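# Predicted model, plus sequence, below.
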Amino acid sequence: MISFGETLNLLSKHLNPWLEKFFAVEIRRARPKWYSSRVLRHYLSSDPKLIFDVGANVGNISRLLSKEFPSANIHSFEPVPRSHEKLKILSKNNKNIFAINVALSDARGRLKMNVPADAEKARVCGDPSEGTGNTFDVTAERVDEYCAKNSIDVIDLLKIDAEGHDLNVLKGCGASLRNTRVVVCEVGFPKTPTPWCDFQEVFAFLSKAGFDLAGLYDVQYDGSGQMAFANALFVNSKQP
């Protein structure tokens, strides 16, 4: 039986030229999610053995990655206490998920976070008045220091969802970035301020570190049809 995604792709192939000509619209083709085994196995020579889920929240992506790659160890970082408590419950039921109650950044120390009612949108803030929720301090570490402390040599997949703090996380990788195979992080394409890191800044940083942009997933558009958000997938050109 043909899947819904395959049906959508067939429709877009045959109808888009007509729709674009007469109505200036198109059907968007279905794409697999970046965390699917189909996508990641394409860019990794083998199944991932170690995954970092930075900004894991309550563990939805960790759970999906655990299902796709049951033999991988998944280190799930979540600094917000109430989200981390739910993440710990998930880790008890999934023995390959390890819930870590710290933020990752470009320096060790303390970070001030703003946590609105929707804890998924919790973000690091430089000004105590920033945001509409509660603010409190959390413990921060660097990726390279965490790797050294835990004898981690290679990160197969580094997923970052840090609500605008993603570039700081990447800067905190240090030499560990050379031994990271795939990076996925949230990016924005801002003409106006957005809560995400600027794509150009992330692209420049990772390109300099030897990564190639492999794809944009979960793309969202603003009211004018301009690209506003995506999960950007980068591949280390010198796979460790």
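Looks like it arrived, so ask away.

# Now do the end-to-end distance for stretch 40-47.
End-to-end distance of stretch 40-47 (Cα to Cα, to the nearest Å): 8 Å.

# meant to ask about stretch 63-76, not that
10 Å.

# try stretch 89-101
End-to-end distance for stretch 89-101, by Cα to Cα: 13 Å.

# Can you list the neighbours in contact with it?
56, 58-59, 62-63, 66, 70-79, 81, 84, 87-88, 139 (Cβ atoms under 8 Å, 6 or more residues apart in numbering). Where you see a C-beta, it was placed from the backbone N, CA and C, and this is true even at glycine.

# next one: it to chain centre, how far?
18 Å (Cα atoms, centre = their mean, to the nearest Å).

# quick thing: my sequence starts at 454, can you match it?
Done: numbering now begins at 454, and the last item shifts to stretch 542-554.

# Ser690 contacts Ala662, doesn't it?
No. The criterion here is Cβ atoms under 8 Å, and Ser690 misses it with Ala662 at 9.5 Å.

# Looking at these two, which one has more neighbours?
Ala662 (16 against 10; other Cβ atoms under 10 Å).

# That one: what's its closest spatial neighbour, skipping adjacent residues?
In space, and not counting its chain neighbours, Ala662 is closest to Leu630: 5.3 Å by Cβ to Cβ, 6 or more residues apart in numbering.

# hey, where'd the strands end up in this protein?
Secondary structure of the chain (DSSP state E): strands at 503-507, 526-530, 550-553, 556-557, 562-568, 576-577, 587-594, 608-613, 633-641, 664-674, 680-689.

# mind listing what the third one pairs with, with the direction of each?
Same thing as strand 550-553. Using DSSP bridges, strand 550-553 pairs in its sheet with strand 526-530 (parallel).

# One more: the first one?
Sheet pairing here is set by DSSP bridges, and for strand 503-507 it gives strand 526-530 (parallel), strand 608-613 (parallel).
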